[in-house]
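In: sequence first, then the predicted structure, then my questions.
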Amino acid sequence: MIGLEKFDNLISLITYFKDNETCKRFLKEQRWGDDVVCPYCGHHHCRARSNGQFRCPNCLNNFSVLVGTIFENTKIALVKWFSVMYLISSHKKGFSSHQLARDISVTQKTAWHILHKVRSLYGQNDSIELSEDVECDEAYIGGNEKNKHESKKTEGTQDRSLKTKTPVFGMAQRNGNIVALKTQDTKGRTLMPIIRQFVKEPVGGINLVHT
């Protein structure tokens, strides 16, 4: 999932992402920041090349920011992918591939492919809707390092380290549906789009209460 929450509407998103290069710069910032990591060997500090790709000084592979993402090898304009991600996070009831095909001017088969890929990022069918009082919490899933065999332990971690654990965010409607999915982290900018995707927004907006 990439951070599109700063855009208030679809028009502002489309206006900002005017070409593929702008989209790729945004992806690079979202994915790596200033420290480009090789998707093949995990080496840090990969250097940019003049053709817009990156080169790993360790395994010597060249790669683009799209490698290892749902956009890899796509021939579809990235702004269309971003638009679908924005629409899925904004629409509470979901929409069909036929409707999407008309909205972003692609074939129904292509629209279905994009929807399938984007929904895989959220780990849920976005037709689920939570309403009224919804309780949210996050947890880190993974075994304690101290319980692992010495050969299986991750160097540089301690018992309370989150380095080897997976963040999971859950939302439960009282006496109703439950949603739980993996997230890249538990920061507000990551969780708020998920809350807006699944929780029906009441009059006056969503009110978060910490307990």
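Out: That came in fine, so what should we check first? Numbering: from 1, shown residues only.
In: which residues sit in contact with R174?
Out: R174 sits next to E132, D133, V134, E135 when contact means CB atoms under 8 Å, 6 or more residues apart in numbering. (Each C-beta comes from the backbone N, C-alpha and C, glycine too.)
In: right, and the second one touches Q173 too?
Out: Same thing as D133. Yes. D133 lies in contact with Q173 (CB atoms under 8 Å); the separation is 7.3 Å.
In: so which of the two has more stuff around it?
Out: Applying other CB atoms under 10 Å to D133 and Q173 shows that Q173 carries more neighbours, namely 19 against 11.
In: what's the closest non-adjacent residue to E21?
Out: G52 (7.3 Å; CB to CB, 6 or more residues apart in numbering).
In: what sits against the one you found?
Out: Counting by CB under 8 Å, 6+ apart, G52 touches E21, K24, S64.
In: which of those residues are buried?
Out: Buried subset of the contacts of G52 (neighbour count, 16 or more other CB atoms under 10 Å): K24, S64.
In: among the contacts of G52, which are located in helices?
Out: Within those, residues falling in helices by DSSP state H are E21, K24.
In: got the contacts of G52 as TSV, with distance to L10 columns?
Out: As requested, the contacts of G52 are exported to TSV (distance: CB to CB, whole Å):
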residue	distance to L10
E21	21
K24	20
S64	26
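In: break this structure down into its domains, please.
Out: Domains of the chain are assigned by automatic domain parsing as 10-122, 134-198.
In: with mean pLDDT and distance to L4 added, can I get those domains in TSV?
Out: Shown next, in TSV, are the domains of the chain (pLDDT from 0 to 100; distance: least, CB to CB, whole Å):
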stretch	mean pLDDT	distance to L4
domain 10-122	89	5
domain 134-198	72	7
